[in-house]
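S.K.: please find the sequence and the predicted model below.
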Amino acid sequence: MSNASKSSESSKSSHHPPKEIPGSYGVPFFGAMKDRWDFFYLQGRDLFFKSRMEKHNSSIFRANMPPGPWISPDPRVVVLLDANSFPVLFDTSKVEKRDVLDGTYMPSTSFTGGHRVCAYLDTSEHKHGSLKALFQSFLASKSHEFIPLFRSCMQSLFVELEDGVRDPKGVEFGSLTDNLSFEFIFRLLCDGKCPSDTKLESDGATMIKKWLVFQLTPLVTIGLHMMLNPIEDFLLHCMKLPFFLVKNDYNKVYEAFHSSATSYLDKAEKSGISRDEACHNLVFVAGFNAFGGMSIWFPSLIKWVALAGESVHRELVDEIRTVVQSEGGVTFNSINKMVLTKSVVYEALRIDPPVPYQYGRAREDMVIHSHDSAYKVKKGEMIFGYQPFATKDPKIFDKPEEFVSHRFVGEEGEKLLKYVLWSNGRETDAPTMENKQCPGKDLVVLMSRLLLVELFLRYDTISVQAKSSGLTNTLTITSVTKATC
């Protein structure tokens with residue numbers, strides 16, 4: 001079946017009368033506890049959703065989402081697992097985005113200087129538009145710096161990588177990209193100043209990671225021995241970790257941005273936003289959205305590209321080196337001509353999106369359509385989407401579980417981009433004040449393509465080992481083959 005046929009088939013549910021959503025939440029408290037244990041320990045994330053989808057014969061059903069009792073005020077959600085229903089979560093006329101960034105709970109505002117930062121604001125709140133407009137306009141003013149600054153920051157990464165692969169055990173790629181990411185973000189947002197010239201010295205990435213972990217532990221598992229699961233569940237999922245344990249680190253990060261991001265804070269003040277609120281928002285964007293996303297995403301991108309094999313590496317090498325030579329360097333224009341490189345980035349975003357969860361609360365009674373059914377959702381219900389199932393929907397994508405490097409090449413491939421959903425919106429949409437799409441969406445794609453360009457200008461091929469263990473996903477670079485020409 002062609003993708004066009006699949007897409008037209010997905011509209012058939014609009015002709016079905018709406019049904020009640022299958023599934024239940026179980027007995028209060030104990031039903032949520034059971035779902036939490038299934039999610040973290042007994043089934044794991046993917047099997048948790050797959051087993052319920054098969055049980056109810058539906059890609060839309062009811063379940064409880066962690067963390068559940070003691071932390072979540074209400075863990076009950078309507079789960080969406082297909083490409084047809086998932087985009088309702090981007091429609092801010094239908095869903096409210098107030099305090100739902102982390103799902104069924106929200107970390108203390110102590111982690112953000114007492115402010116509800118932009119990511120937690122609904123589009124109906126005035127400050128949302130003001131804060132997002134400020135960041136987007138500032139980012140646009142820095143566009144000429146994106147490529148030279150990122151390339152400059154990458155130089156040390158490749159030096160450390162080549163030193164690391166001399167060790168038979170290889171080198172852990174995440175630690176290299178963490179330092180790269182933090183330096184790039186800080187210098188971009190802070191008028192070129194280096195984090196090492198502030199009180200952060202070389203510890204900025206580590207401090208941000210600790211701050212992130214303390215907010216997000218209710219959503220993760222460490223991967224301890226099964227005998228220790230009850231202890232882990234109690235410590236991570238039954239209480240929020242207190243801010244005071246990372247207060248000193250956060251204050252150092254805040255002070256570094258406050259003293260360095262002069263032009264951004266001046267711009268904020270002129271637009272009526274206090275320097276304090278603007279700076280806490282900037283730290284959140286830099287630390288949570290940008291650095292947090294990149295620390296997950298860059299190793300994932302390299303993992304999928306490396307595992308694609310030497311034939312794909314040769315194609316990328318040919319495209320990248322040919323275009324760079326013909327265009328006289330690495331520029332916006334040359335990067336835009338690398339169609340395979342672009343497709344590879346989108347395919348990695350499709351198969352392994354860096355932010356897998358999406359939440360929104362129904363603003364009104366509505367009907368949500370899967371490919372073959374329609375379901376009634378009541379005003380106030382929490383709606384949850386698990387993106388890796390939506391972006392691997394077999395009714396949209398051929399070979400959905402496989403990494404297909406050419407998937408988004410050509411006219412037919414371009415049509416599939418609307419089903420790439422990693423940025424809290426369709427890839428074919430643009431961030432606006434009226435939506436919650438990532439304002440740095442295009443910059444992330446550009447940096448991803450730049451990372452591949454720099455990689456394959458230097459190396460013919462790359463080998464990796466990837467391991468996942470609870471809280472830790474590690475990517476070890478075991479070898480690189482330097483460019484032969």
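M.R.: Sure thing, it's come through.
S.K.: what's the next secondary structure element after the helix or strand of the chain at the bottom of the mean pLDDT ranking?
M.R.: Every helix and strand of the chain was ranked by mean pLDDT, DSSP states H and E. The lowest is helix 3-9, at a mean of 46. Going down the chain from helix 3-9, the next helix or strand is helix 30-37, by DSSP states H and E.
S.K.: report the buried residues of that next one.
M.R.: G31, A32, M33, K34, D35, R36, W37 (16 or more other CB atoms under 10 Å). The way it works is simple: take the backbone N, C-alpha and C, and place the C-beta from them, glycine included.
S.K.: same question, stretch 106-116
M.R.: M106, P107, F111, T112, G113, H115, R116.
S.K.: quick one: which of these sit in strands?
M.R.: Using DSSP state E, no member of the buried residues of stretch 106-116 sits in strands.
S.K.: which parts of the stretch 151-300 of the chain are helices?
M.R.: Per DSSP state H, counting those that start in this stretch, the stretch 151-300 of the chain carries helices over the ranges 173-189, 204-216, 229-237, 247-260, 262-270, 275-284, 292-307.
S.K.: from the buried residues of stretch 106-116, which land in helices?
M.R.: Counting by DSSP state H, the buried residues of stretch 106-116 place none of their members in helices.
S.K.: from those residues, which two are the most distant?
M.R.: M106 and G113 (15.1 Å; CB to CB).
S.K.: for burial, what's the neighbour tally of the closest residue to F48 other than its chain neighbours?
M.R.: Nearest in space to F48, with sequence neighbours left out and distances taken as CB to CB, 6 or more residues apart in numbering, is F39 at 4.7 Å. The number of residues packed near F39 is 23, by other CB atoms under 10 Å.
S.K.: need the contact list for F39.
M.R.: F39 makes contact with R45, F48, M65, P66, according to CB atoms under 8 Å, 6 or more residues apart in numbering.
S.K.: need the helices of the stretch 151-300 of the chain in JSON lines (columns: mean pLDDT and mean neighbour count).
M.R.: Below are those laid out as JSON lines (pLDDT from 0 to 100; neighbours: other CB atoms under 10 Å):
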{"stretch": "helix 173-189", "mean pLDDT": "96", "mean neighbour count": "22"}
{"stretch": "helix 204-216", "mean pLDDT": "96", "mean neighbour count": "20"}
{"stretch": "helix 229-237", "mean pLDDT": "94", "mean neighbour count": "16"}
{"stretch": "helix 247-260", "mean pLDDT": "98", "mean neighbour count": "18"}
{"stretch": "helix 262-270", "mean pLDDT": "97", "mean neighbour count": "16"}
{"stretch": "helix 275-284", "mean pLDDT": "98", "mean neighbour count": "22"}
{"stretch": "helix 292-307", "mean pLDDT": "96", "mean neighbour count": "22"}
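S.K.: which of those sits closest to V27?
M.R.: Nearest of the helices of the stretch 151-300 of the chain (CB to CB): helix 229-237, 18.4 Å.
S.K.: which other helices and strands does that closest one contact?
M.R.: helix 30-37 (3 or more CB pairs under 8 Å, 6 or more residues apart in numbering; DSSP states H and E).
S.K.: relative orientation of the helix it packs on and helix 229-237 in degrees?
M.R.: 100 degrees (axes from the mean of the first three to the mean of the last three CA atoms, to 10 degrees).
S.K.: report the backbone C-alpha coordinates of helix 30-37 in PDB.
M.R.: The C-alpha coordinates for helix 30-37 follow below in PDB (Å, rounded to 0.1, in the frame of the first residue of the first chain):
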ATOM      1  CA  PHE A  30      -3.900   0.700  43.700                       C
ATOM      2  CA  GLY A  31      -4.700   0.900  39.900                       C
ATOM      3  CA  ALA A  32      -2.200   3.700  39.500                       C
ATOM      4  CA  MET A  33       0.400   1.800  41.600                       C
ATOM      5  CA  LYS A  34      -0.100  -1.300  39.400                       C
ATOM      6  CA  ASP A  35       0.400   0.800  36.200                       C
ATOM      7  CA  ARG A  36       3.500   2.400  37.600                       C
ATOM      8  CA  TRP A  37       5.100  -1.000  38.400                       C
END
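S.K.: helix or strand right after it?
M.R.: Assignment by DSSP H and E places the next element after helix 30-37 at helix 45-56.
S.K.: list the buried ones in that following helix?
M.R.: Buried residues in helix 45-56, counting neighbours by 16+ other CB under 10 Å, are found at R45, F48, F49, R52, M53, H56.
S.K.: looking at those residues, which is nearest P22?
M.R.: Nearest to P22 out of the buried residues of helix 45-56 is H56 (CB to CB; 3.9 Å).
S.K.: my read: that closest one touches E20, true?
M.R.: No - H56 is beyond contact range of E20, at 11.2 Å (criterion: CB atoms under 8 Å).
S.K.: how about the strand or helix carrying K415: buried residues?
M.R.: K415 is part of helix 410-415 when elements are defined by DSSP H and E. Using 16+ other CB under 10 Å as the test for burial, helix 410-415 gives G413.
S.K.: how about the CA coordinates for that helix, as PDB?
M.R.: The C-alpha trace of helix 410-415 is given here as PDB (Å, rounded to 0.1, in the frame of the first residue of the first chain):
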ATOM      1  CA  GLY A 410      12.400  13.300  -2.900                       C
ATOM      2  CA  GLU A 411       8.900  14.500  -3.400                       C
ATOM      3  CA  GLU A 412       7.200  11.500  -1.700                       C
ATOM      4  CA  GLY A 413       9.700  11.700   1.100                       C
ATOM      5  CA  GLU A 414       9.000  15.400   1.700                       C
ATOM      6  CA  LYS A 415       5.300  14.500   2.100                       C
END
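S.K.: now do whichever helix or strand comes after that helix against helix 292-307, angle only.
M.R.: The C-terminal neighbour of helix 410-415 among helices and strands, as given by DSSP H and E, is helix 441-458. On the basis of the same axes, to 10 degrees, helix 441-458 is oriented at 40 degrees to helix 292-307.
S.K.: tilt between helix 441-458 and helix 173-189?
M.R.: Here helix 441-458 runs at 120 degrees with respect to helix 173-189, directions being taken by the same axes, to 10 degrees.
S.K.: tell me the buried residues in helix 441-458?
M.R.: Of the residues in helix 441-458, those buried (16+ other CB under 10 Å) are 441-456, 458.
S.K.: what comes into contact with it?
M.R.: Residues outside helix 441-458 that contact it (CB under 8 Å, 6+ apart): 139, 146-147, 150-151, 154, 158, 184, 293-294, 297-298, 301-302, 305, 313, 316-317, 320-321, 324, 330, 335, 338, 341-342, 344-346, 348-349, 423, 425, 431, 438, 462, 480, 482-483.
S.K.: which strands or helices does whichever helix or strand comes after it pack on?
M.R.: Where DSSP H and E defines the elements, the next helix or strand beyond helix 441-458 is strand 459-469. The contact analysis (3+ CB pairs under 8 Å, 6+ apart) places strand 459-469 against helix 292-307, helix 310-327, strand 472-482.
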